[in-house]
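Visitor: build me a structure from this.
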Amino acid sequence: MVSRMKKHRIIAMASSSSLIALLLIFALLATNLLALKAQTVDPWSAADQIRSELFAAQKEILASRPDAALQHVQSAQQLYQTTLEQAIKQAAPEIDTTITQIFSQLLTLPLDGNALSYERSYLWTLLLGGSREVVIAAIRRGDKDTARSWLLLRDYRTSTRYMRPDADATLALHAFLDDKRGAEETVKAIDVDLLDGYQTLMIEAMSDAESARANKFTTRVAEQAGLVVGYFEILQAEFVARRGQEALAQIQKYEDAVKTAAIANDGARFDTALAQLRSGLRTFQASPLPGNEQALRIQQVDNQVGLAALEYARGVRGGKIITDFEYQEALALIQTTLVAYADIEPLLVERDVKGADQLLALIKKMDSQMRNREEPEDLRVTADAAKQVLKELTPPDFVQRISGSSDRDIISAFLNQVETSVAVGDYTLAETARIQAYQLANARFNARLLGTLPDLTNEIEGLFWQGLTDQTGLATLINNRASTEEVNHVVSLLNARLTEADQALSRNTTLSLWFIPTLVGTFVFVVLRFIVRSSRQRGLSLVLLTVCLCIVAGVVIHALQMSGSLPITPVYGFHLPTWIGDWFGLYPTLQGTLTQLAIIGLVYVLTLLPQRSQKNAPSSTRAA
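Guide: Numbering: from 1, shown residues only. Predicted coordinates for the structure are as follows:
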């Protein structure tokens, strides 16, 4: 009996031990699975899932389902703890502490719609800031895999068809991965790109918050307020380095007021606080542009203001949209102009605050006029005023840098961005840069070049788009995700043809150079025609008269075509050296060629036919 009881005890103990062992095994497996999940989920994917869970919680709050909202918050917290927390805690413990506190507050305090909207956006920027710190730490310790995966967790400027792509950080990392760039140089390049992008997004969030306030979208206001505060915190170290702790303390007061007013839906207080924050940050630039970049950005604002007015005039008539494509292009251009203005605002404010305010107001007025579909002429007046103010604000040394070739420099910069974007596999950004380069090239070269070298115009057009007989175009290559070598080859061809076009248009084919001398010469030959009695001399003067009239006509028509007063109908396949046009007014356009042929015919009719009539007249008539 005793032995039987011992046997049962042994069996029970064995069963308990087995159960404990199984539990330990399951615990180890669960730990390993969590660790494996943390390793296999990409940081950007995990962060996006966290943001999605918090957005789902926000929707549940709006639907008055707080328990369901709490479950989504718990899921977001678990995602953070199992995927991102370890790396962020190691690289930026203060950011991890803030994220942990936010989750704790959301799980313990009653959930409020505006508060959750604010915290969701703010937490997203904390993840971005944490990613930046993880990337920098990984590069400095030579951990290439971590740097590569975490750099994907970032935000970009709002993409438009005219916005230059942000590829500098990715390119710098690729150079580091290929051992072509040192760690500190890579860190500097990445930081400049990220900080520049986040400052732009902060400014965009301020504008979006103002628009949301105007439309009384309270939840949207809270979201944008969280982004404004969060993006600035990423820039905070650079702000302190330039302005000091005292200035930071003042900015933080404005931030607290923005947060409090947004959550409390206090519109008047929010407007005041946001205006104070914008004013306090107006001359701050986390990654100041070099002088040449600032000069190019000024030229970009000047060009795009004029181009936006031109596209709008093509797309709108009498308050109605005639061509939607042109209208949308004009709107996109003015939005890009606002972004470019933000890059140079600190420079302009330092020169003249009132002037900078006036320029910004004029650009915004253009946007309002477009959306209200006002008359193109009214928009042109506003655009001209904006260009004049910008001209007055431009530093004198920048005026020397901004020459006629500045457009060409910007085109080259966008073509370079095509190459860099393709190099990192971002064909969407490459297409954006291609369209921007084409728009500027079309505005600068097309009309003027069409009347001088129409075949070169066609070649440039083909290289930008579908291609030529023996060469695939850039648009087709990008659409087919072609190799870097193929794209770079077409870009080099484009640069060569654009340089050729620039040289052709820079020659002095001006009306003032030839019009007065040829007019005087024409008068002299006309006088000789009636004074000189020798038939041989009369014939020579007649030839010279015809040549002079043809030169005058060719130069005048070409000048009118270049100014846009006359249409251009090119004569394709009619090749003439550009010096022929410079010296003799001969250009391959139908208007000029037909006019010159008409002059030759008219001179023949008015001069030679009367002579033949006189020669055929009866001798008695001639004697009389």
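Visitor: what segments of the stretch 451-600 of the chain are helices?
Guide: Remark: helices assigned in the stretch 451-600 of the chain by DSSP state H, counting those that start in this stretch are 454-464, 474-479, 484-505, 511-531, 535-562, 578-584, 590-603.
Visitor: list of residues touching stretch 461-473?
Guide: 434, 437-438, 441, 446, 459, 474-476, 482, 486, 490, 493-494, 497 (CB atoms under 8 Å, 6 or more residues apart in numbering). Any C-beta I mention is one placed from the backbone N, CA and C, and that applies to glycine too.
Visitor: residue 283 falls within a strand, correct?
Guide: No - counting by DSSP: H, G, I helix; E, B strand; the rest coil, residue 283 falls outside a strand, being coil.
Visitor: which residue, other than its chain neighbours, is closest to it?
Guide: Residue nearest to residue 283 in three dimensions, not counting chain neighbours: residue 346, with 4.5 Å by CB to CB, 6 or more residues apart in numbering.
Visitor: got any ranges where the stretch 251-400 of the chain has weak pLDDT?
Guide: 291, 399-400 (pLDDT under 70).
Visitor: now do the strands in it.
Guide: 316-317, 320-321 (DSSP state E, counting those that start in this stretch).
Visitor: give me the contacts around the last one.
Guide: By CB under 8 Å, 6+ apart, the residues outside strand 320-321 that reach it are 315, 327, 373.
Visitor: could you rerun that using 7 Å?
Guide: Applying CB atoms under 7 Å, 6 or more residues apart in numbering, the contact partners of strand 320-321 are 315, 327.
Visitor: partner strands of that strand, parallel or antiparallel?
Guide: strand 316-317 (antiparallel) (DSSP bridges).
Visitor: ok, residues contacting the strand it pairs with?
Guide: Counting by CB under 7 Å, 6+ apart, 322, 327, 373, 376 sit against strand 316-317.
Visitor: ok, 8 Å please
Guide: With CB under 8 Å, 6+ apart, strand 316-317 has contacts from 322, 326, 327, 370, 373, 376.
Visitor: out of the contacts of stretch 461-473, which end up buried?
Guide: 434, 437, 438, 441, 459, 474, 475, 482, 490, 493, 494, 497 (16 or more other CB atoms under 10 Å).
Visitor: need those residues in CSV (columns: distance to residue 86).
Guide: Formatted as CSV, the buried ones among the contacts of stretch 461-473 follow (distance: CB to CB, whole Å):
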residue, distance to residue 86
434, 41
437, 44
438, 47
441, 50
459, 56
474, 44
475, 45
482, 40
490, 46
493, 50
494, 48
497, 54
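Visitor: of all the residues you listed, which comes closest to residue 603?
Guide: When the buried ones among the contacts of stretch 461-473 are compared for distance to residue 603 (CB to CB), residue 459 wins out at 36.9 Å.
Visitor: confidence score at that closest one?
Guide: On pLDDT, residue 459 comes in at 85.
Visitor: quick one: it and residue 494 touch, right?
Guide: No - the criterion here is CB atoms under 8 Å, and residue 459 misses it with residue 494 at 9.4 Å.
Visitor: go through the helices of the stretch 451-600 of the chain and find the least confident stretch.
Guide: Taking the mean pLDDT of the helices of the stretch 451-600 of the chain, helix 511-531 comes last: a mean of 57.
Visitor: excluding chain neighbours, what is closest to residue 557?
Guide: Distances taken as CB to CB, 6+ apart put residue 592 closest to residue 557, at 4.6 Å, once the chain neighbours are dropped.
Visitor: run a quick neighbour tally on the one you found.
Guide: 27 (other CB atoms under 10 Å).
Visitor: how close does it get to residue 220?
Guide: For residue 592, the distance to residue 220 equals 58 Å [CB to CB, to the nearest Å].
Visitor: before we move on, what about residue 204?
Guide: For residue 204, the distance to residue 220 (CB to CB) stands at 13 Å.
Visitor: what of residue 322?
Guide: In terms of CB to CB, residue 322 sits 33 Å off from residue 220.
Visitor: looking at these two, which one has more neighbours?
Guide: Set residue 322 next to residue 220 and count neighbours by other CB under 10 Å: residue 220 wins out with 17 against 12.
Visitor: which elements pack onto the strand or helix carrying that one?
Guide: Using DSSP states H and E, residue 220 sits in helix 218-243. Here helix 218-243 touches helix 113-140, helix 183-214, helix 245-264, helix 267-280, going by 3 or more CB pairs under 8 Å, 6 or more residues apart in numbering; DSSP states H and E.
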